[in-house]
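1. below: sequence and its predicted model.
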There are 2 protein chains.
Amino acid sequence: MILSALLTSVGINLGLCLLFFTLYSILRKQPGNITVYAPRLVAEHKINERRQFNLESLLPSPGWVRQAWQPTEAELLSLLGLDAVVFMRIFIFSMRVFSFATIVGIGILLPINYLGTQLSDDSELTDKSLDSFSISNVNDGSNWLWIHFCAAYIFSGVVCYLLYYEYSYISDKMINCLYSCKPLPHDFTVLVRGISTSLGHTVSEDVESFFTEYYSSTYLSHSVVRRTSKLQSLISDADKLYRKLAHLKSNKDTPRRFKREGLLGLFGRQVDLADHYEKKLDDLEQQVRMEQSLLAGQEVPAAFVSFKSRFGAATALHIQQRINPTEWVTEQAPEPQDIHWPFFSASFLRRWICNLAVVAACIAITILFLIPVVIVQGLTNLDQLGTWFPFLEGLLEITFVSEVITGYLPSLILQLFLSLIPPVMVVLSSVQGYVAFSQIQKSACIKVLLFTIWNIFFANVLSGSALYRVNVFLEPTKIPAVLAEAVPAQASFFIAYVVTSGWTSVSSELFRLLPLIFHFLAKVFAKKDAEEFKVPQIPYHSEIPKIIFFGVLGITYLILAPLILPFLLIYYCMGYIVYRNQLLNVYVSKYETSGKFWPIVHSSTIFSLVLMHIIAIGIFGLKSLPLASGLMVPLPVLTLLFNQYCQKRFLPLFKAYPAECLIKKDKEDQNDPTIGEFYNRLATAYEDPAMKPTNYLLSTDSCSTPLLRSAEVENLA
Amino acid sequence: MILSALLTSVGINLGLCLLFFTLYSILRKQPGNITVYAPRLVAEHKINERRQFNLESLLPSPGWVRQAWQPTEAELLSLLGLDAVVFMRIFIFSMRVFSFATIVGIGILLPINYLGTQLSDDSELTDKSLDSFSISNVNDGSNWLWIHFCAAYIFSGVVCYLLYYEYSYISDKMINCLYSCKPLPHDFTVLVRGISTSLGHTVSEDVESFFTEYYSSTYLSHSVVRRTSKLQSLISDADKLYRKLAHLKSNKDTPRRFKREGLLGLFGRQVDLADHYEKKLDDLEQQVRMEQSLLAGQEVPAAFVSFKSRFGAATALHIQQRINPTEWVTEQAPEPQDIHWPFFSASFLRRWICNLAVVAACIAITILFLIPVVIVQGLTNLDQLGTWFPFLEGLLEITFVSEVITGYLPSLILQLFLSLIPPVMVVLSSVQGYVAFSQIQKSACIKVLLFTIWNIFFANVLSGSALYRVNVFLEPTKIPAVLAEAVPAQASFFIAYVVTSGWTSVSSELFRLLPLIFHFLAKVFAKKDAEEFKVPQIPYHSEIPKIIFFGVLGITYLILAPLILPFLLIYYCMGYIVYRNQLLNVYVSKYETSGKFWPIVHSSTIFSLVLMHIIAIGIFGLKSLPLASGLMVPLPVLTLLFNQYCQKRFLPLFKAYPAECLIKKDKEDQNDPTIGEFYNRLATAYEDPAMKPTNYLLSTDSCSTPLLRSAEVENLA
């Protein structure tokens, strides 16, 4: 790729971004779009849905930037919860890292690279290959390479310092959150799985007798999990019907209330739709009640056990209960609204086998995904495409077409295929036997990240020259040399990837194109009531890997092709404002992981540092500077030791709270007059919502929205 | 190596074994040797030391075999503790494995190998190379190899079954032991390390306030650790002096009680030695008391904290105490007599750095050890030795000399160097910051095992053909092929190794040559009193790796060279009787790990199975049977999955007892009338013995042996 192609790509995307931003600033002010651009505020009744139309609202304005910028971190924390703050810390951390990297890379490394003569590219500046700005252009054995060497050491040191600072900052935030929050059911509860019942006893009886015997002083109550998938589908049907009915009753448009009984509603006796729905709802409700009474016996060998104190729950959590460690396994209970009821597989052996199957499935998906990657690679190597499809040759010779194809199309195609991955990974994670949406999301996040790094980074890097090189990972000693050869060769692809995929993803996140279109279509065709809308949840499992992956790219290419750095810095700055805006206006968080996503960011940063070091070892070897190559070896070792220390120092807190905090909170609770009331709520907090008594017909007139019980995994996906 | 050389070696070693056994059966009956051959029984006063001499005691007899055979496992358990039983289970497990292996190997595989014609060795049976009995002799592509294939699958299945059975058997034994034992201090105590004190408070005050605040209902008492290395050396001096004095006083041999004051005891005024010693002892004792009072202030930031119940201790053990997980780290307290006081390094960071340093030291030792291995390899390749030292050529041509050199000398040299390794590893492990001898021993055991497997097995296998092949481990795909070529080539060396090193180690263990010589010398020269003897502790850290390593050899060579199997079976049968005898008569165990050595045996068996599979994959590839090679691949995967399941199923119990057992025992204790007395003892159980008040002079006349306070690490080494 030459410089002018890159500039074309930057131009197109900058234009697109500006267009999106301008359109957003206009559209957000239109009263009709308020459920697309501020659903969170509508749901919280912080905004008046039916504002007056005025002319000013047709002019673009940057007011939303100011609004997104204003809230302090403390305000964000109280409004959005810890997860959102941690999510924004990823941007702050990345901005810090890449500000420093851009200064070093553009200020020092880029001029050195450009002044080298290795590639002897004598063309004009705009026709120069991007490789002229990369380390490939520095002469072999040149002493200028020692500057790259120093940059690697200094940059690693700065990143490690920032990582440590960030880890300790978030740890402090977590402890403060614990201290400041009210008693929460999940702090007092553990989930017991794999309960082995003794003959002639129900699960409930066994749990009761075990905990009253062994934890007599702290045990409070328990609720056994039941298999309710059938019941849940019935209730979801009833919910839908109820909503239709409520809509019908509130709608005074009488002609639509009648429908013929027979085929396709065209023949037969005319009936009142409302009566018809009411009858159906009544039937469903009876079915639900019957099913509920039947299910009372169908226990899953798992139960939520609540204790009188946080410390009591922590004790039961940390100590192995039974002699057989695969039975009566305790784990932290998720928040009640976070529980994923349908897939409640309980047996240890079954979960273990499911885990193995999921690992196998992930590997299969990774291998299958190589196919689109190879196609994309074909597009960046235009000559090859010409050979494959000779009829295209004429078209490809037009400069603009070839520039668009090399600069824009590959990442668009990749993007399309990549967007299919997060939902698939969510499904795989939910099969693994996690009981909470947040756990599924976290597990999916790790899977998507690994997948992205492997399939976008490594598959591109290695297939760019030759796919068969994948087996280099079976010969560890050759890795640095192979990577050092292959990684710089793909620099231009990844610079284009940041500009296209990165910038576009931020602006389309802001613009919410798909929800906007759906909203528009719904309004035009279905004439749906504006009140019926879902407040979306932020899909951490697809956003975090994306954001991290750009960081991996930046750190890896720091000394190879510093030209990538300013584009990344712009990406993170835009992302910071846009995601703040979206968190404040669009998304709600139904559950909290209390910052459990941070260790993923930490580990992947360490990974990219080590990857950078390995490539540097190879590069200095290729560039005939074996001394620098040798002196580089301690750096990955030191980085890994730093990582090990950080994990020992901070990670335990992300798994469970220490005794000190728990007991301190417990003592505070003892003086709290509302604790008795809390215990009462705790006793029923973990009952399956499907088992709660339903009574739709009584409430149809009041027209309140019933509890959302839909399978939330679908939302996530 | 040819068959006759092997037979020579077997002959020599069988002779040696018989000689040792005969000598043992005579010498053990001599009253003078009783402290060498039955120190345990003497110390327990179960045997009369001064038996009458009679003629019968000069005749060899196999009575000791019957005596060693008789006790049941329950008797062993009550006499010797769980560790000894687990140690004997290694032999039982190995005997079962190798009985089956011998039947398969000798009955089926050996004839197939022998009937092959690949090596076309037409010499006489006795001149045949041992390779004729190995898989190398089976023709390439022969369908007979499928029998080897089936043998690998069936054998792996049988071993896995036996492993599972054994793991669950030992787990049951552990639980039974817990249920049947009396309250023990270490069950009620945790060790807290890395205590960060608040300003102006001592460690003791901080520990007291922390545990009374947070564990008010279960906290009992604590004792802070103090730095007492100087004090301990003073006390050890005093102990020696006290023993001399006691000896002197009990000895009525007056001339030896006087000595001149001056140079070398030759000049100057004659003094009464007893008075002289008493004065010195008095001085020492005053020093000790002064030091004790000084040390009261020198606290190490670590403390033993005792609780009122086992469950209370387990709670404090499993939950992280402070927000910073590197401070106030809790771990299981060892038995009071098991504590290794001198190296009480307390800081988390220091221990972490020490661990890294020890890893580096182990690697250095491993590399340095290649030197003797290369020398040994020179001896097995006689031609090479002839080239190196031309003057030896005449000597080497004598058949007997060459047979002794190839069959016996190499393993003897290796043995000599290997015997230096366990003490070194003990020192390294003690630097790592373990607080108990048993932990040091276990850690040293793992180190010695890894060292043995690497330096005896891999270094021999790979240097046998070419040392540079060590870097094969950096290219994983080539490992099977390289091992398949190199491992069978060393079959004869390892057969000889089993016969020489294995058999000799068992018979010399029984005969206790070195202690016998020392005892003899002490009696002749020092005229020491027979009462002064130390009952040795069984050096698990050097014995277990040895026993396991023979198992690794056997499993690895099962399908390659089944000729090794009967020799191994003989080794394990002899070992079973001999070690039973030694455990009953010779060794005492001062502390219990309660079976914590078993997971090492399990893991190393799994390792050798996988190694066997990898070599089989290579062998079938080399033997032009790629289908068998491919079908072999699932076997190591299945074995590793089996291992993972076992670790999840059984390993937790080897780390801590479950709540169920602890609470059951606690409830039993509540009805125990002696528990109050036990609590009193518990409060002082973890005081440093060096800090206890001493009073030698008062007790000199009673002539009782003072408490042994010597640095026990030296004993271990």
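-> Everything's here; your move.
2. near chain B, which residues of the stretch 51-200 of chain A? Just list them.
-> By Cβ under 8 Å from any Cβ of the partner chain, the residues of the stretch 51-200 of chain A that approach chain B are A:171, A:175. C-beta: built from backbone N, CA, C; applies to glycine.
3. ranges for the helices of the stretch 51-200 of chain A?
-> A:63-69, A:73-80, A:82-104, A:110-115, A:145-180 (DSSP state H, counting those that start in this stretch).
4. show me the shaky parts of the stretch 501-650 of chain A.
-> Counting by pLDDT under 70, the low-confidence segments of the stretch 501-650 of chain A come to A:526-532.
5. interface residues of it facing chain B?
-> Residues of the stretch 501-650 of chain A lying near chain B (Cβ under 8 Å from any Cβ): A:641, A:645, A:648-650.
6. which residues touch stretch A:652-671?
-> Outside stretch A:652-671, the residues that touch it by Cβ atoms under 8 Å, 6 or more residues apart in numbering or on different chains are A:171, A:174-175, A:178-179, A:183, A:187, A:309-311, A:314, A:317-318, A:332, A:595-596, A:598-599, A:675, B:213-214, B:316, B:319-323, B:325.
7. will you turn the residues of the stretch 501-650 of chain A next to chain B into CSV that also has neighbour count and distance to A:D239?
-> Shown next, in CSV, are those (neighbours: other Cβ atoms under 10 Å in any protein chain shown; distance: Cβ to Cβ, whole Å):
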residue, neighbour count, distance to A:D239
A:L641, 14, 55
A:Y645, 15, 51
A:K648, 14, 48
A:R649, 18, 48
A:F650, 23, 43
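8. what is the nearest of the residues you listed to B:A361?
-> Nearest to B:A361 out of those is A:L641 (Cβ to Cβ; 16.6 Å).
9. related to what we said a few turns ago, from the helices of the stretch 51-200 of chain A, which stretch is densest packed?
-> Among the helices of the stretch 51-200 of chain A, helix A:82-104 has the highest mean neighbour count (mean count of other Cβ atoms under 10 Å in any protein chain shown), at a mean of 21.
10. what is the nearest of the residues of the stretch 501-650 of chain A next to chain B to B:G621?
-> Using Cβ to Cβ, A:L641 is the member of those that lies nearest B:G621, at 39.3 Å.
11. just give the nearest non-adjacent residue to that closest one, would you?
-> Distance criterion Cβ to Cβ, 6 or more residues apart in numbering or on different chains; nearest residue to A:L641, sequence neighbours excluded, is B:L356 at 7.3 Å.
12. count of neighbours near the one you found?
-> Close neighbours of B:L356, defined as other Cβ atoms under 10 Å in any protein chain shown, add up to 13.
13. now intersect the contacts of stretch A:652-671 with the strands, please.
-> A:Q332 (DSSP state E).
14. domain ranges for chain A?
-> A:3-181+A:437-655, A:185-349+A:674-716 (automatic domain parsing).
15. tell me the spacing between the residue of the stretch 1-150 of chain A found nearest chain B and A:Y572.
-> Nearest to chain B, among the residues of the stretch 1-150 of chain A, is A:L82, at 16.1 Å (Cβ to the nearest Cβ). Noted for A:L82: a distance of 21 Å to A:Y572, by Cβ to Cβ, to the nearest Å.
16. also A:S129?
-> Distance of A:S129 to A:Y572, given as Cβ to Cβ: 27 Å.
17. more neighbours, these two?
-> The neighbour comparison of A:S129 against A:Y572 (other Cβ under 10 Å) goes to A:Y572, with 24 against 17.
18. what residues are up against the residue of the stretch 51-200 of chain A found nearest chain B?
-> Per Cβ to the nearest Cβ, A:I175 is where the stretch 51-200 of chain A lies closest to chain B, at 5.9 Å. Contacts for A:I175 (Cβ under 8 Å, 6+ apart) come out as A:653, A:661, B:323.
19. what's the helix or strand for the first one?
-> The one in question is A:L653. helix A:634-655 (DSSP states H and E).
20. quick check: buried residues in that helix?
-> Buried residues in helix A:634-655, counting neighbours by 16 or more other Cβ atoms under 10 Å in any protein chain shown, are found at A:635-636, A:639, A:642-643, A:646-647, A:649-654.
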